[in-house]
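Asks: Have a look at this fold, sequence not included:
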């Protein structure tokens, strides 16, 4: 469904400049920008994915991954197609790199999504799979509908967005997991067709100027972004600019998209980088995409007490007091917590709405 888009300026001869993200696409009449979601129709910008979705799943919140946002709760997840980055290693390229709009659900209105989430008992709705930045008008209306229904709003994003739209979007968001793909500009430029600085600006903004709970994910690719000095620099930056209690998820790469012949990331590499990140000042560093119960544990940053034990997406032990305090020393755990762990299934379930 076409919907009037924001964040653009007219240019000569029917061209327009998209001002949503740092790509600043110059779009010809009848064509779309890099992300495939923003289209020039008669010299005006339209969102061509409003009310469409690539599918719905009911997930545990830990799968996003968010470990400090209502642990064990269920989240209704959806996205569209397309992306505003061009990552050669994309782990979800079947959605983000395709343009088959005919396969998308046609009746995914904001109100319908919010009502479906409430009906199935989801604690939150996650805009994920591809980057919600590129369908921002739809994302904002979904968030508004969820707020009215008492449903929390979660974004999973690469954080590649300009200042004005960023403020418009995140005023409605309760939690975000931001994918910090590397801590060097060369990686972003050559493997993502983007730049590092705008992502760092988004992370600082979210941590210091909003009420949004933020966790960071780094997909570790051996030989590309796994140098110890790079991890030390990344973790130090997060600790200093976002706070030492910001959770960092180190996720294992598996061969996919244009890097199918690149080796998968070993558990040993993740464990080594996790130790470096902890020594650099971060209290909560997790491993993901591998079976590592130790790397899924949440410990009290003050006394070291085990607070949450996870095995994959299953919570096996939950020792927080109501509202998120350590039962051992009384220290508050950074994050958002309810009266106890939720009862979400550790397995994702397809949902029809």
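Replies: Great, that's in hand. Everything numeric in this text was worked out from a predicted model, so none of it was measured. Residues are numbered from 1 along each chain as shown.
Asks: make it CA atoms for all contacts and neighbour counts henceforth
Replies: OK.
Asks: tally of neighbours for residue 164?
Replies: Using other Cα atoms under 10 Å, the number of residues around residue 164 comes to 12.
Asks: State the helix or strand in which it lies.
Replies: helix 163-170 (DSSP states H and E).
Asks: If you count contacts, what does the following helix or strand past that helix end up packed against?
Replies: Following helix 163-170 in sequence order, the next helix or strand is strand 175-179 (DSSP H and E). Judged by 3 or more Cα pairs under 8 Å, 6 or more residues apart in numbering; DSSP states H and E, strand 175-179 is in contact with strand 152-157, strand 213-220.
Asks: what's the angle from the helix holding residue 164 to strand 152-157?
Replies: Computed by axes from the mean of the first three to the mean of the last three Cα atoms, to 10 degrees, the angle separating helix 163-170 from strand 152-157 equals 140 degrees.
Asks: so can I have CSV of the helices and strands packed on strand 175-179 showing mean neighbour count?
Replies: Listed next are the helices and strands packed on strand 175-179 as CSV, based on neighbours: other Cα atoms under 10 Å:
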stretch, mean neighbour count
strand 152-157, 26
strand 213-220, 24
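Asks: Tabulate those in JSON lines, adding columns for mean pLDDT and distance to residue 130.
Replies: Formatted as JSON lines, the helices and strands packed on strand 175-179 follow (pLDDT from 0 to 100; distance: least, Cα to Cα, whole Å):
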{"stretch": "strand 152-157", "mean pLDDT": "98", "distance to residue 130": "8"}
{"stretch": "strand 213-220", "mean pLDDT": "98", "distance to residue 130": "15"}
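Asks: can you tell me which of those comes nearest to residue 57?
Replies: With Cα to Cα, the closest approach to residue 57 among the helices and strands packed on strand 175-179 belongs to strand 152-157: 14.0 Å.
Asks: pLDDT at residue 99, what is it?
Replies: On pLDDT, residue 99 comes in at 64.
Asks: Next: residue 149.
Replies: 98.
Asks: Next up, the contacts around it.
Replies: 114-115, 118 (Cα atoms under 8 Å, 6 or more residues apart in numbering).
Asks: Between these, which sits nearest residue 134?
Replies: Distances from residue 134 to those, taken by Cα to Cα, are shortest for residue 114, at 20.1 Å.
Asks: quick one: that closest one is in a strand?
Replies: No. The assignment for residue 114, made by DSSP: H, G, I helix; E, B strand; the rest coil, is helix rather than a strand.
Asks: quick check: domain ranges of this protein?
Replies: Here the domain parsing of the chain from automatic domain parsing is 3-47, 56-351.
Asks: Name the SS class of residue 13, please.
Replies: Under three-state DSSP, residue 13 comes out as helix.
Asks: ah, wrong one, I meant residue 46
Replies: strand.
Asks: show me what contacts it?
Replies: Applying Cα under 8 Å, 6+ apart, the residues contacting residue 46 are 2-5, 38-40.
Asks: State the distance from it to residue 170.
Replies: Using Cα to Cα, to the nearest Å, we find residue 46 at a distance of 21 Å from residue 170.
Asks: Residue 84 now?
Replies: For residue 84, the distance to residue 170 - Cα to Cα - is 18 Å.
Asks: same thing with residue 198?
Replies: Counting by Cα to Cα - residue 198 and residue 170 are separated by 15 Å.
Asks: try residue 48
Replies: Taken as Cα to Cα, the span from residue 48 to residue 170 is 22 Å.
Asks: just residue 144 next, same as before
Replies: 11 Å.
Asks: cool, and residue 152?
Replies: In terms of Cα to Cα, residue 152 sits 13 Å off from residue 170.
Asks: Tell me who's in contact with the nearest residue to residue 328 once chain neighbours are set aside.
Replies: Counting by Cα to Cα, 6 or more residues apart in numbering, the nearest residue to residue 328 once its immediate chain neighbours are dropped is residue 305, at 6.7 Å. Contact analysis of residue 305 by Cα under 8 Å, 6+ apart lists 299, 326, 328.
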